[in-house]
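In: Next comes the sequence, and after it the predicted model I'd like to discuss.
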Amino acid sequence: MLIITISTILCVICSVLLIFRLINQLKETKDIYQRHGKKNQIIFKLFKPIILILASVNKKFWEDHCNKKYKKKLIISGNPYKLIPVEFYSVKEISSALGFGFGIFIIYNFQNLSIWLVSFFTVLLFFLPDLWLKEIISKRKHLIFNSLSFYIDHLNLSIKAGLSFFDAIKQVVKNGTGPLRDEFELLLIDLNTSPIRRQAFEKLNYRCDMYEVKAFISALIQVEEQGNDISEVLECQSEIRRDERFKKAEELAQKAPVKMIFPIIFFIIPTVILIIFVPIYLRFMVEWN
C-alpha cells in the first residue's frame with residue numbers, strides 16, 4: 001500500500017512538472033500573436049489555467065494542424081484575447097466539454113430525449129468558437145474598410161503640412177481609434193525595427209488580409225521604390241477607397257428591400273390581418289348570435 005501511495009505521488013509530481021515545462025515552452029511562441037492595449041475578459045481569466053494545460057498537450061500532438069488552420073485567422077482577427085493556435089484549440093475543446101455536460105444535463109432532466117442530443121451539443125459547441133472567430137474577422141474588416149479612406153486623408157494632410165511619412169503615421173496613431181489605428185501602431189514598430197520598409201508594409205498587408213489594404217500598400221511600395229510624389233498617390237488612393245465605400249453602401253441599400261421580404265410576409269402582414277379582420281369577425285359573431 002505504501003509503494004502504491006509513493007508511486008501515485010511521484011506520478012502526480014512528474015505530471016505537474018511536465019505541464020509547467022510545456023507551458024514555459026508555450027510562452028516562447030506567443031509574441032507574434034500579441035496585440036497592444038488588449039485585455040482578457042473575466043471568463044477567459046477564469047479558464048486560463050485549463051486553457052494553458054490543454055494547450056501544452058495540444059502543442060505536442062496538434063501544433064502543426066492548429067498553426068495551419070488558425071495562425072493567420074487569429075492574426076487577422078486582431079487576437080483580442082492574445083491566444084495562440086493551440087490555445088484557441090483548447091477553447092474549442094473546453095466549449096465542446098461544456099456542450100457535452102449541457103447535453104447530459106438536458107437528458108437527465110428530460111429523460112424522453114435521445115442520447116444523440118449529447119452528440120449534437122458536443123459538436124455544435126466545438127465549432128462555435130470558429131463561428132465566433134469568423135464574426136470577429138468580419139466585423140474587424142468592416143471597420144477597417146470604413147475607416148481606411150479617412151486614415152489616408154489624415155496621412156495626406158499631415159504630409160502636406162510638412163511632416164515626414166513616419167511622423168504622419170505617428171499623428172494617425174495619436175488621433176485615431178479602432179482596429180486600423182492599432183495596425184498603424186504596429187506598422188510604426190515594424191518601421192522602427194525593420195531595415196527595409198517594404199517588409200513592414202507587407203506585414204501590415206498580411207495582418208489585414210484585405211484587397212483595399214493590399215492596393216494601398218502596393219501604392220506605398222511603388223512610391224518607396226520609384227520615388228513618386230507620395231501626396232498625389234495618397235490623394236488618389238483616398239478617392240478610390242471612398243468610391244469603393246460609396247458603392248458598397250449602394251449595394252447594401254439595394255439589398256435592403258429583398259431582406260425586408262421575410263419579416264414583411266411572416267410578421268407584418270399577419271399582424272395587419274389580425275388587426276383588421278379579428279374585430280370584423282367578433283362583430284359578425286355578436287350580431288349573428
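Out: That came through fine. Residues are numbered from 1 along each chain as shown.

In: quick one, phi/psi of Trp149?
Out: Slight slip there: residue 149 is Ser, not Trp. Reported as degrees, to the nearest 10, the phi and psi values for Ser149 are phi -60, psi -40.

In: Tell me who's in contact with it.
Out: When the contact criterion is Cβ atoms under 8 Å, 6 or more residues apart in numbering, the partners of Ser149 are Ser238, Arg241, Arg242, Arg245. Every C-beta, even on glycine, is put in place using the N, C-alpha and C of the backbone.

In: Pull out the buried members of those.
Out: Listed as buried from those are Ser238, Arg241, Arg245; burial here means 16 or more other Cβ atoms under 10 Å.

In: Among those, which one sits closest to Lys68?
Out: Arg241 (32.2 Å; Cβ to Cβ).

In: where exactly do the helices run in the stretch 101-250 of the chain?
Out: Applying DSSP state H, counting those that start in this stretch to the stretch 101-250 of the chain gives helices spanning 116-160, 165-175, 179-193, 197-208, 211-226, 230-263.

In: what helices or strands is the fifth one leaning on?
Out: What it means is helix 211-226. Contacts defined by 3 or more Cβ pairs under 8 Å, 6 or more residues apart in numbering; DSSP states H and E place helix 211-226 against helix 116-160, helix 197-208, helix 230-263.

In: How about the shortest one?
Out: For helix 165-175, the elements it packs on are helix 116-160, helix 179-193, judged by 3+ Cβ pairs under 8 Å, 6+ apart.

In: Tabulate the helices of the stretch 101-250 of the chain (a markdown table), appending distance to Ile107.
Out: Shown next, in a markdown table, are the helices of the stretch 101-250 of the chain (distance: least, Cβ to Cβ, whole Å):
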| stretch | distance to Ile107 |
| --- | --- |
| helix 116-160 | 6 |
| helix 165-175 | 53 |
| helix 179-193 | 42 |
| helix 197-208 | 44 |
| helix 211-226 | 48 |
| helix 230-263 | 34 |
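
In: could you dump those helices to a markdown table with mean pLDDT?
Out: Shown next, in a markdown table, are those (pLDDT from 0 to 100):
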| stretch | mean pLDDT |
| --- | --- |
| helix 116-160 | 90 |
| helix 165-175 | 89 |
| helix 179-193 | 90 |
| helix 197-208 | 90 |
| helix 211-226 | 88 |
| helix 230-263 | 85 |
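
In: Those helices: which one's closest to Tyr108?
Out: When the helices of the stretch 101-250 of the chain are compared by Cβ to Cβ, helix 116-160 sits nearest Tyr108, at 10.4 Å.

In: burial count for Tyr211?
Out: Counted with other Cβ atoms under 10 Å, the neighbours of Tyr211 add up to 10.

In: so who does it touch?
Out: Contacts of Tyr211 (Cβ under 8 Å, 6+ apart): none.

In: follow-up on the earlier one: pick the most buried one from the helices and strands packed on helix 211-226.
Out: helix 197-208 (a mean of 18; mean count of other Cβ atoms under 10 Å).

In: Now do the helix or strand hosting Leu274: distance to the chain's middle.
Out: Using DSSP states H and E, Leu274 falls within helix 269-288. Distance, stretch centre to chain centre, for helix 269-288: 50 Å (Cα atoms, centre = their mean, to the nearest Å).
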